[in-house]
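In: no sequence for this one, just the structure:
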Ligand SMILES: *[C@@H]1O[C@H](CO)[C@@H](O)[C@H](O)[C@H]1NC(C)=O
Ligand SMILES: *[C@@H]1O[C@H](CO)[C@@H](O)[C@H](O)[C@H]1NC(C)=O
Ligand SMILES: *[C@@H]1O[C@H](CO)[C@@H](O)[C@H](O)[C@H]1NC(C)=O
């Protein structure tokens, strides 16, 4: 039967083909597994290498961002910290003006060693803070740690600090409304960056007129930001026993209970705003017997519908009243007693530019006595407001 022989032959052929295919597959499979493992490993190694490479790049650029200066350089630049080159006294140490050999002017802040806990933590903080860059923040250029010296080097601000313009009757005369409004907006933008836009979430905790510096074009730059981080690395809780800050600018929940949040900075901004508008300094007094402070004085005028009486006399002939009244209202919104009622800085910036309607402010906190504030002790700010040292996930 030739037909059936043919079929048998075909069957055998097919079986052979199947066997060959299966065998090939098995051999390949056996070979493939180690290949895959090897491939994966090499891929992983490669990735690890890449990551390492990235870290290296990052590390190098960090080094470039904050160079460490030698003490000899600083000593030469400041004429061995001569009293002639002294610019003033900041909250954390003396500040000197220096001139580098290439002619660059710098500001040198000499910190006290005893106030720094760990050198490595300090260095890390400096590297992080140097990454914060905004046109309304004073730029940190470098640092120096040598022997007993711990020094921070900043860009030099030729026009000094804001308080020397607001509270000085002769300088206040050149300090016209457009300058003031530009400065108000700049401070607000700088603070917004610290609170919301930067990689680190920073609560300044000592915002005041003397911590706002002016560049050669009278642009405001906030200084001493991050000092709370540098000096209080352990404070992640938003509750501190060591209250830094300046009376007169401190929100009541911070001054009394040690609770700080972005909203306590907003309060300080409100005070600063009031000072820029009025040319008067706020002195906090919780006791009515000590006379009215600036907040109470301004609020009384506002309530009596006479807000224009608050205008700094140096400003009277060049003030844009619409902007003035808007700023005053924003200031009262920032000064409200309950921190949750105060606007955040992004709202403040929008309100300053008239892009957002302004609510009616409630009575500011300084008129309410200490007792009332203390009774709110149990209510602490919500956790997302009080993160001070947490790295914010991008
Ligand atoms: C700088 O002044 C200190 C004491 O004030 C002195 O000990 C030191 O030798 C001076 N350094 C230089 C380089 O003049
Ligand atoms: C600010 O500083 C610059 C450069 O030093 C100077 O020309 C200018 O007059 C200063 N502005 C005021 C208002 O003092
Ligand atoms: C700021 O406040 C506005 C208005 O209350 C709110 O819509 C916005 O989410 C707040 N922004 C942040 C970052 O909390």
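Out: Arrived safely. Predicted model only: the values in this text are computed from it and were never measured. Ligands and ions are numbered 1, 2, ... in the order given.
In: and residue 328, what does it touch?
Out: 273-274, 277, 298, 302, 307, 310 (Cβ atoms under 8 Å, 6 or more residues apart in numbering). Every C-beta, even on glycine, is put in place using the N, C-alpha and C of the backbone.
In: what is the rounded mean pLDDT of the strand or helix carrying it?
Out: Using DSSP states H and E, residue 328 falls within helix 321-334. Helix 321-334 shows a mean pLDDT of 96.
In: now for the helix or strand just after that helix, which elements pack on it?
Out: The helix or strand immediately downstream of helix 321-334 is helix 345-352, counting by DSSP H and E. Under the contact criterion of 3 or more Cβ pairs under 8 Å, 6 or more residues apart in numbering; DSSP states H and E, helix 345-352 touches helix 177-192, helix 262-278, helix 321-334.
In: right, so the ones you listed: which one is the most enclosed?
Out: helix 262-278 (a mean of 26; mean count of other Cβ atoms under 10 Å).
In: Give me the local confidence score for residue 11.
Out: 73.
In: Tell me which helix or strand it sits in.
Out: Using DSSP H and E, residue 11 falls in helix 2-65.
In: Show me which residues of the helix or strand following that helix are buried.
Out: Next in sequence after helix 2-65, counting helices and strands by DSSP H and E, comes helix 71-77. For helix 71-77, the buried set under the neighbour-count rule, 16 or more other Cβ atoms under 10 Å, comprises 73-75, 77.
In: can you put these in JSON lines and add distance to residue 137 and pLDDT?
Out: JSON lines is the format used below for the buried residues of helix 71-77 (distance: Cβ to Cβ, whole Å; pLDDT from 0 to 100):
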{"residue": "73", "distance to residue 137": "24", "pLDDT": "95"}
{"residue": "74", "distance to residue 137": "22", "pLDDT": "95"}
{"residue": "75", "distance to residue 137": "27", "pLDDT": "95"}
{"residue": "77", "distance to residue 137": "22", "pLDDT": "96"}
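In: if I read this right, residue 229 contacts residue 202, doesn't it?
Out: Yes: with contact defined as Cβ atoms under 8 Å, residue 229 counts as touching residue 202 (6.7 Å).
In: Neighbour count: the two, which is higher?
Out: Comparing residue 229 with residue 202 by other Cβ atoms under 10 Å, the one with more neighbours is residue 202, at 25 against 20.
In: Spatially nearest residue to the more buried one, not counting backbone neighbours?
Out: Spatially, and ignoring its direct neighbours in sequence, residue 202 is nearest to residue 194 (4.3 Å; Cβ to Cβ, 6 or more residues apart in numbering).
In: Secondary structure class of that neighbour, three-state.
Out: helix (DSSP: H, G, I helix; E, B strand; the rest coil).
In: Can you get me a residue count around it?
Out: Neighbours around residue 194, by other Cβ under 10 Å: 25.
In: and which of the buried residues of helix 71-77 is nearest to ligand 3?
Out: Comparing these against ligand 3 with Cβ to the nearest ligand atom picks out residue 74 as the nearest, at 39.2 Å.
In: near ligand 3, which residues of this protein?
Out: Applying Cβ under 6 Å from any ligand atom, we find that the chain lies next to ligand 3 at 196, 344, 346-347.
In: for residue 93, what are its contacts?
Out: 109-112.
In: What residues does residue 312 make contact with?
Out: 172, 277-280.
In: can you do 6 Å?
Out: 278-279 (Cβ atoms under 6 Å, 6 or more residues apart in numbering).
In: Give me the distance between it and residue 97.
Out: 29 Å (Cβ to Cβ, to the nearest Å).
In: Hmm, residue 361 is touching residue 335, no?
Out: No: Residue 361 is beyond contact range of residue 335, at 7.6 Å (criterion: Cβ atoms under 6 Å).
In: Same drill for these two, tell me which one is more crowded.
Out: Ranked by neighbour count (other Cβ under 10 Å), residue 361 and residue 335 place residue 335 first, with 28 against 21.
In: which residues sit in contact with that one?
Out: 270, 364.
In: Need the three-state assignment for residue 153.
Out: Applying three-state DSSP: residue 153 is strand.
In: Can we start the residue count at 39 from this point?
Out: All right, first residue 39 from here; so that's residue 191.
In: Let me have the contacts of residue 366 in JSON lines, extended by distance to residue 183.
Out: Formatted as JSON lines, the contacts of residue 366 follow (distance: Cβ to Cβ, whole Å):
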{"residue": "311", "distance to residue 183": "38"}
{"residue": "312", "distance to residue 183": "40"}
{"residue": "315", "distance to residue 183": "42"}
{"residue": "336", "distance to residue 183": "45"}
{"residue": "340", "distance to residue 183": "50"}
{"residue": "345", "distance to residue 183": "51"}
{"residue": "348", "distance to residue 183": "47"}
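In: quick one: which of those residues is nearest residue 141?
Out: The closest of these to residue 141 turns out to be residue 311 (Cβ to Cβ; 37.3 Å).
In: Would you enumerate the residues in contact with that closest one?
Out: Per Cβ under 6 Å, 6+ apart, neighbours of residue 311: residue 369.
In: Please enumerate the strands of the stretch 139-288 of the chain.
Out: Ranges of strands within the stretch 139-288 of the chain are 143-149, 178-184, 187-193, 250-252, 258-260, based on DSSP state E, counting those that start in this stretch.
In: Can you list the low-confidence ranges for the protein?
Out: Counting by pLDDT under 70, the ranges of the chain that qualify are 39-47, 54-60, 62-103, 128-129, 152-155, 269-283, 322-330, 404-432.
In: Please report how far the residue nearest the centre of it lies from ligand 2.
Out: By Cα atoms, centre = their mean, the mean C-alpha position of the chain lies nearest to residue 232, the distance being 2.5 Å. In this structure, residue 232 and ligand 2 are 25 Å apart, going by Cβ to the nearest ligand atom, to the nearest Å.
In: from memory that residue sits against residue 239, does it?
Out: No: the criterion here is Cβ under 6 Å, and residue 232 misses it with residue 239 at 7.9 Å.
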